[in-house]
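> Here is a sequence together with a model predicted from it:
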Amino acid sequence: MSEKLICANPKAFHDYFIEERYEAGIVLVGSEVKSLRLGKANLRDSHALLKKEEVYIINLHISPYQTINRFTPEPDRTRKLLLHKAEIQKLFGKMKEKGYSIIPLKLYFKDDKVKVELGLAKGKKLYDKRESIKQKEVSREMAKVMKERGR
C-alpha cells in the first residue's frame, strides 16, 4: 500500500498525549482533492467532533483550487469523516471521559483515497510539555555524542 503524505500536525504531539490512533476516510468535493494533490492543506488548529453518531472534522483548511471558477467550497468548512460504527461508539465512550479530544495527526493519500489519521488525545499540562522538550534535547545530545564516537 502506497502512502503519500499531504500534511502533518506536529503541534498535536507537543500539546497532547496520543493514546490511540484511527484511520478514517473523508468526504470531499472533486476540486478539494485536486488542491490536496498540490499539498494545499493545513491541519494546525483542526479537531474532530462527534454529532449524532457521526464524526466531523472542523477547521481543516484546504485552499481552493485556482483553475475552478464556478463552484469552490469554503476552505474551512466542516467535513464528514468515514469510520466504522464500532470505532465511532468506542470514540464516543472515550469522549465522555474527562479530558479526551480527537485530534487529526496527518492527512495522506492511501491507494488514491484521502485518509486522515486521528488520535485519541489527552491534553498535556505545561510541565508535561517542558518534560517532552527536555527528553528531545537529551536524545539529540546522545545522538550527537554517538555520532562523534563513531568517527
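Perfect, I can see it now.

> Could you list every helix and strand that whichever helix in the chain runs longest packs against?
Using DSSP state H, we find that the single longest helix of the chain is helix 126-150. Secondary-structure packing of helix 126-150 (3 or more Cβ pairs under 8 Å, 6 or more residues apart in numbering; DSSP states H and E): helix 10-15. Backbone N, C-alpha and C define where each C-beta goes, glycine included.

> which stretches of this protein form helices?
Going by DSSP H, the chain shows helices at 10-15, 30-37, 85-96, 126-150.

> any chance of the ones you listed in JSON lines, with distance to Arg21 too?
Formatted as JSON lines, the helices of the chain follow (distance: least, Cβ to Cβ, whole Å):
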{"stretch": "helix 10-15", "distance to Arg21": "11"}
{"stretch": "helix 30-37", "distance to Arg21": "20"}
{"stretch": "helix 85-96", "distance to Arg21": "11"}
{"stretch": "helix 126-150", "distance to Arg21": "18"}
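
> Quick check: which of these is buried the most?
Most buried of the helices of the chain by mean neighbour count (mean count of other Cβ atoms under 10 Å) is helix 30-37; its value is a mean of 18.

> chain center to that helix: distance?
17 Å (Cα atoms, centre = their mean, to the nearest Å).

> closest one to Asn59 among the helices of the chain?
helix 10-15 (12.7 Å; Cβ to Cβ).

> With only the CA atoms kept, save the closest one in PDB.
The C-alpha atoms that make up helix 10-15 are tabulated as PDB, following Å, rounded to 0.1, in the frame of the first residue of the first chain:
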ATOM      1  CA  PRO A  10       3.400  18.200  14.600                       C
ATOM      2  CA  LYS A  11       1.800  20.600  17.200                       C
ATOM      3  CA  ALA A  12      -0.500  17.700  18.200                       C
ATOM      4  CA  PHE A  13       2.400  15.800  19.700                       C
ATOM      5  CA  HIS A  14       3.600  18.800  21.600                       C
ATOM      6  CA  ASP A  15       0.200  19.600  23.100                       C
END
